[in-house]
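**Q** 3D, please:
(8 chains)
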Number of protein chains: 8
Amino acid sequence: MRSSMTPIRVGIVLGSDSDLPAVADAEAVLQELGVGYERRILSAHRTPDAVAEYSRGARARGLVAIIAAAGGAAALPGAIAAHTTLPVIGLPVAGPLLGIDALLAMVQMPGGVPVAAVGIGGGRNAGLMAAQIAALTDAELAERLARARELQAARVLEKDARLRLG
Amino acid sequence: MRSSMTPIRVGIVLGSDSDLPAVADAEAVLQELGVGYERRILSAHRTPDAVAEYSRGARARGLVAIIAAAGGAAALPGAIAAHTTLPVIGLPVAGPLLGIDALLAMVQMPGGVPVAAVGIGGGRNAGLMAAQIAALTDAELAERLARARELQAARVLEKDARLRLG
Amino acid sequence: MRSSMTPIRVGIVLGSDSDLPAVADAEAVLQELGVGYERRILSAHRTPDAVAEYSRGARARGLVAIIAAAGGAAALPGAIAAHTTLPVIGLPVAGPLLGIDALLAMVQMPGGVPVAAVGIGGGRNAGLMAAQIAALTDAELAERLARARELQAARVLEKDARLRLG
Amino acid sequence: MRSSMTPIRVGIVLGSDSDLPAVADAEAVLQELGVGYERRILSAHRTPDAVAEYSRGARARGLVAIIAAAGGAAALPGAIAAHTTLPVIGLPVAGPLLGIDALLAMVQMPGGVPVAAVGIGGGRNAGLMAAQIAALTDAELAERLARARELQAARVLEKDARLRLG
Amino acid sequence: MRSSMTPIRVGIVLGSDSDLPAVADAEAVLQELGVGYERRILSAHRTPDAVAEYSRGARARGLVAIIAAAGGAAALPGAIAAHTTLPVIGLPVAGPLLGIDALLAMVQMPGGVPVAAVGIGGGRNAGLMAAQIAALTDAELAERLARARELQAARVLEKDARLRLG
Amino acid sequence: MRSSMTPIRVGIVLGSDSDLPAVADAEAVLQELGVGYERRILSAHRTPDAVAEYSRGARARGLVAIIAAAGGAAALPGAIAAHTTLPVIGLPVAGPLLGIDALLAMVQMPGGVPVAAVGIGGGRNAGLMAAQIAALTDAELAERLARARELQAARVLEKDARLRLG
Amino acid sequence: MRSSMTPIRVGIVLGSDSDLPAVADAEAVLQELGVGYERRILSAHRTPDAVAEYSRGARARGLVAIIAAAGGAAALPGAIAAHTTLPVIGLPVAGPLLGIDALLAMVQMPGGVPVAAVGIGGGRNAGLMAAQIAALTDAELAERLARARELQAARVLEKDARLRLG
Amino acid sequence: MRSSMTPIRVGIVLGSDSDLPAVADAEAVLQELGVGYERRILSAHRTPDAVAEYSRGARARGLVAIIAAAGGAAALPGAIAAHTTLPVIGLPVAGPLLGIDALLAMVQMPGGVPVAAVGIGGGRNAGLMAAQIAALTDAELAERLARARELQAARVLEKDARLRLG
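**A** As a prediction, the model looks like this:
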């Protein structure tokens, strides 16, 4: 994790505090990569004005991407995307319908207001996608991402080697 | 259809003008029953402020129910419900995923902001549900609804009789 | 919760006593809002005549909406709707097929006999929808609904504030 | 087809006259096998009393099985089964959701009131199932069923032979 | 339960002994109603010849219906139906895909060889459907079925009364 | 295509002659690769004995793989696999449920009797899989398969080049 | 559309030339916004080495995002993402399973290699998402995106106004 | 289990070490049948080059089939098949979406690069399918497979006998 001076580049928005565990992996990967982020609880249906206000101000405040985690009707990423042209990454949270409802509600947006979703419960990939976007203007971060990929590959190769010897 | 003096009781909101055919049956039944309605094209994602403004003012303008038709991510009824405590009736419009996405996006709302949906492509039932709500304060309308049900039953019985003779 | 003198405005009908937990949230919200309700166990398939009798008499007894909770084939809301023109709110109860069967069985009604469903397990929203309908003729209830929305928003904003400080 | 003196053994009930094509194969096979049948249009939601009356009288009128064809919420077979202990065969009719809604609405009945469904659009099998039930008390019909099976096998074998020679 | 002299009228066939719990409710209801039955473990894929032999001899041995319980590919009821014109009742057993695979594999039979399925895990209804078929030639059983329905209705009405008294 | 002296290595079995178009791509690729095959129409439900006989004799007749095409309940590949230990390749044929029923019915076999399925409507891949199995004992065929892959890659690269110039 | 001097910022990769119509909307929006792009046909399964080579070189060649369109198993975006840390936008192409297979195959990536998908057939949103990413380092493009949103809103408001007058 | 001199005929590849339990049944059956196998952890997305290298060398190293187990996007079997013309058997591993995503990602391959999948969690059948392929060039193995089938049938018959006596 980087110092507290790290500028905030990524917003993580949750529809409810019950979604906090769903974003833990996103937070972890952003911390590992030294990408500054902020967390907000903003509900598309319960506090729509706060969602609008936050989304409208996001670019000016220096954000480069917003991760929006939600389950069920999962209108949050779309509600954010309605108020900003920053890239919005949907993170579908599983619920009684296994998260299929949340995934579809996120991606099936009308033409003109895009949301791009990672997999159901895919917190780590949501964080990585945000970091990959941030890395477009941060060569050092791009380096760290590349090294993280190598490390990740090395870990698989190591497990493979151990299995073969095992 | 009643005279143009009929007060507007029901709002029919479409996410896009491509949804106009989907609400035709709703309009037809409201006309048959003499329930005044208005139609609006308001997009949860493209004109979110217009949705908010319309929804906030709906009760004061005399509406008793709002029918919201949308397909895909179908955030419209939820976006309306976020700004009013009038009953919002979701009308899922079929698309490439057969309307399942729209249905789930409408009903799977978080607790606290209700939307109640009729079936996929169920324009007639959306209109009837709105009329049934309006009839709670309009005894004559309640009468017309009851007679419409009787007529409807009679038509089935008549078809049955013809088939048996046939 | 209001006094026991509160007139009964909403009927909550369950297909089976095993559905009692599914309506607990609906009851809670009606109590919070001071909306009188009654509970009945009536089975579309096991006691169809009782369903018909109850539904036919509902308007005369002063009800303004009926919440019908059921799982599986979930014919209950439709069976009620067949005998009344009061608004019927379907509350799908999850089961081995996650409640998808119940949701579809409720909304996919033939044109002419509407049921409007809230989400699977959405007891709170079923109760709220009924209250919102009741509020059309009860300005004080409409006030309480508006305040409940504000309170609900405040709670989200407070959680957001705590998270940001946290 | 047998003479008009054939006693009526099977009831074919349709929720709507739009379901007539869906039962054509059922009718054809009953005619081929000489099983008398009657057709009725009875709607679980539009004419519930007629459904109840028909179902209650079915055994006394000599029926041994009832085929109920319906689409969407498809409450018809269950509504019939609620009023008779005759075997009820559900015939799901495909619609915008491909008939999955109708199939689930038919089979997912609560314990105590059975419906047994054939496949979506499976008119021929619905007719055969009814004939197989009728054959339990009609040895000649059982014979005809057995011969139909042999003929059916012979036709496949013949197509196989032609293909091999082809 | 009736005496051991009760003639065997219903065959209950399981694809595997792991399906025994799934047929417990079918057995219970047949015992309650005094319908004699036998249980067999016969696998469409592991002992296809035994399935064929059993099915071919079923009518001669006095059976009037066969309940076939299976999960997954659930070929058992179809494999039985291929060798008999007795009514075959499919009982889908839930598994990792919630039983949807088993249900579809049972009902989506080609025209000419019918299987009629009850709901997923619907053991009680499978037993009742078999009993209802057996009752076509057993007036006393028909009486017991009718009384069981009345008892069942009474139990719901009683629960309803108790709930109302609260 | 090779000469008529090509030995028969692959069996293509269809549940019905209506499945002939579904296997056309499988035939085409086997012809391109010079793999001898035979076609049979054999129904798991209408001619189960013919299926059993064919499957039992398949290895002795020199087959190395059997492609079984079917839709709906799609019991054919499993019925073949029940009578042989040759590799059975399921080819799901799309129908009203888009082929999902056929795919699941093919793969969800009980442990002990394997079927391996290609995609819905994947005739070409079914043929290739059979050829790849046949190539295990036919080095020239393995060569032809490798060359076909190269040709296939070259065609994509060529389209890519044309698009870039285009 | 901008001049041919526009630098290439976005790669559009298709698994097959049959996917060209699916990316037409993505191309259109990139042209409207003046974002340079290139198109490639690269198959994850037929030309995996070309996919790897292209993806590895993408950042060095100045790309900021890659749109990958594919149907069915839809491995293309994941195969690209395996070789680059640029943001990869999956564009699911509908097929016989309505595109659900493609959508799931795109988003359900293992943790560590992210793909973010837009809706099925959502070419316009894929293009917009790529443009929104490109706009992070191109203030003029960000301006054009903001104006496009305003224009889009204005068009909806205009349709709404016409409907109200209509 | 055979001696350690058994030549390696089958490759079992896992996308992650978390898939080891999913292949346990495949390993068990290969051991029972004396088919030599090797296990590798190779990730289509994290170590794509290792997948390519392994697959390209598989035939030369004497393998006759490769079992590839994966969940979610499940690109592994397709990634292997892209680099070899050996038969690739997909083994879908269940996850939050019940394995449906993995199954579809495996079978819905483009024409030209086949993968054949067994059922979700069908480790035993994956192992058997590999063994059946290996048996094409190993008459003794074919014998053992035939005996295993007989044993398997005997076990079902024995359970059946015990149940009948029971």
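
**Q** since we're on A:P21, how many residues are nearby?
**A** A:P21 sits with 12 neighbouring residues when counted by other CB atoms under 10 Å in any protein chain shown. From N, CA and C alone the C-beta is placed, and that goes for glycine too.

**Q** And what about it, helix, strand or coil?
**A** Local secondary structure at A:P21 is given as helix here, using DSSP: H, G, I helix; E, B strand; the rest coil.

**Q** try the one 3 residues further on
**A** Following three-state DSSP, A:A24 is assigned to helix.

**Q** Now do whichever strand or helix holds A:R155: distance to the chain's middle.
**A** Using DSSP states H and E, A:R155 maps to helix A:139-165. Computed by CA atoms, centre = their mean, to the nearest Å, the separation of helix A:139-165 from the middle of its chain amounts to 22 Å.

**Q** name the helices or strands packed onto that helix?
**A** Here helix A:139-165 is seen to pack against helix A:123-134, strand H:36-41, helix H:48-57 when contacts are counted using 3 or more CB pairs under 8 Å, 6 or more residues apart in numbering or on different chains; DSSP states H and E.

**Q** So is the second one next to chain F?
**A** No - with CB under 8 Å from any CB of the partner chain as the threshold, strand H:36-41 lies outside contact range of chain F, at a closest distance of 15.5 Å.

**Q** related to what we said a few turns ago, what angle do the helix holding A:R155 and helix A:123-134 make?
**A** Between helix A:139-165 and helix A:123-134, the angle formed by their directions is 140 degrees, by axes from the mean of the first three to the mean of the last three CA atoms, to 10 degrees.

**Q** what would the helices and strands packed on helix A:139-165 look like in TSV with distance to A:Q108, mean pLDDT and mean neighbour count?
**A** Putting these into TSV (distance: least, CB to CB, whole Å; pLDDT from 0 to 100; neighbours: other CB atoms under 10 Å in any protein chain shown) gives the following:
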stretch	distance to A:Q108	mean pLDDT	mean neighbour count
helix A:123-134	18	98	28
strand H:36-41	36	98	20
helix H:48-57	30	98	19
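
**Q** among the ones you listed, which is nearest F:M109?
**A** Comparison of the helices and strands packed on helix A:139-165 against F:M109 by CB to CB identifies strand H:36-41 as nearest, at 21.1 Å.

**Q** Let me know the angle separating that closest one from helix A:139-165.
**A** In this structure, strand H:36-41 runs at an angle of 160 degrees to helix A:139-165, with the same axes, to 10 degrees as the basis.

**Q** Parallel or antiparallel, which strands does strand H:36-41 pair with?
**A** strand H:8-14 (parallel) (DSSP bridges).

**Q** buried stuff in the partner strand?
**A** By 16 or more other CB atoms under 10 Å in any protein chain shown, the buried positions in strand H:8-14 come out as H:9-14.

**Q** can you put the helices and strands packed on helix A:139-165 in JSON lines and add distance to G:E53?
**A** Listed next are these as JSON lines, based on distance: least, CB to CB, whole Å:
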{"stretch": "helix A:123-134", "distance to G:E53": "20"}
{"stretch": "strand H:36-41", "distance to G:E53": "24"}
{"stretch": "helix H:48-57", "distance to G:E53": "12"}
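
**Q** Which member of the buried residues of strand H:8-14 is positioned nearest chain F?
**A** Taking CB to the nearest CB as the measure, H:R9 is the one of the buried residues of strand H:8-14 closest to chain F, at 10.2 Å.

**Q** residues contacting that closest one?
**A** With contact set as CB atoms under 8 Å, 6 or more residues apart in numbering or on different chains, H:R9 has these partners: H:35-37, H:62-65, H:130, H:134.

**Q** swap in A:L98?
**A** For A:L98, counting by CB under 8 Å, 6+ apart, the contacting residues are A:120, C:98, H:96-98.

**Q** right, and the secondary structure at whichever residue of chain A sits closest to chain E would be what?
**A** Residue nearest to chain E within chain A: A:L98 (10.2 Å; CB to the nearest CB). Classification of A:L98 by three-state DSSP places it in coil.

**Q** What does it show for phi and psi?
**A** In terms of degrees, to the nearest 10, the main-chain angles of A:L98 are phi 70, psi 10.

**Q** how about the buried residues of strand H:8-14, which pair is most distant?
**A** Spanning the widest gap among these are H:R9 and H:L14, at 17.9 Å by CB to CB.

**Q** got any ranges where chain A has weak pLDDT?
**A** A:1-4 (pLDDT under 70).

**Q** at 50 what do you get?
**A** Along chain A, the parts satisfying pLDDT under 50 run over A:1-3.

**Q** Report the closest residue of it relative to chain F.
**A** Relative to chain F, the nearest point of chain A is A:I100 (14.6 Å; CB to the nearest CB).

**Q** could you measure that residue against chain G, distance?
**A** Using CB to the nearest CB, to the nearest Å, one obtains 9 Å as the distance from A:I100 to chain G.

**Q** Next: A:V35.
**A** Using CB to the nearest CB, A:V35 is found at 13 Å from chain G.

**Q** State the number of residues packed around that residue.
**A** 28.

**Q** my read: it touches A:I8, true?
**A** No - taking CB atoms under 8 Å as the contact criterion, A:V35 and A:I8 are not neighbours in contact, 9.2 Å apart.
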